[in-house]
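>>> Sequence and predicted structure are below.
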Amino acid sequence: NSFVINATGLGKDRPGSPLSDEAIFPEKSLVWELNYRGELDFYHQALHQKESRGLYIEDGWIYFIHGWTQVIAEVFHIDIT
């Protein structure tokens with residue numbers, strides 16, 4: 001199994017994806033889009049292949065929110081579950 005991650009900033013800081021639309025994700029790979037805003041082309045490319053390639057896709061928005069809730073919890077000394 002493979003781990004394919006977009007940590008380039010393409011899709012957030014600049015439009016696009018580090019992959020062309022012709023790229024094929026490895027079967028049963030974990031695809032992680034680190035970007036949490038913008039067009040998220042890489043994320044959408046993976047979604048189009050999710051069923052046919054058996055991909056597990058992680059959305060950067062979830063991790064962005066998790067990171068901020070941890071900071072807020074530490075700063076205000078509260079538990080956020």
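Great, that's in hand. All values reported here derive from a predicted model rather than from experimental measurement.

>>> Am I right that Val4 is in a strand?
Yes - Val4: assigned to a strand according to DSSP: H, G, I helix; E, B strand; the rest coil.

>>> Am I right that it is in contact with Lys28?
No - the pair Val4 / Lys28 is not scored as a contact, 11.3 Å apart, by C-beta atoms under 8 Å. In short, each C-beta sits where N, CA and C put it, glycine included.

>>> Looking at those two, which one has more neighbours?
Between Val4 and Lys28, Val4 has the larger neighbour count (other C-beta atoms under 10 Å), namely 18 against 11.

>>> How about the contacts made by the more buried one?
Phe25, Pro26, Ser29, Leu30, Val31, Trp32, Ala46 (C-beta atoms under 8 Å, 6 or more residues apart in numbering).

>>> Give me the buried positions along the worst-scoring helix or strand of the chain on mean pLDDT.
The weakest-scoring helix or strand in the chain, judged by mean pLDDT, DSSP states H and E, is helix 60-76 (a mean of 91). Neighbour-count burial for helix 60-76 flags Gly60 (criterion: 16 or more other C-beta atoms under 10 Å).

>>> Cool, thanks, signing off.
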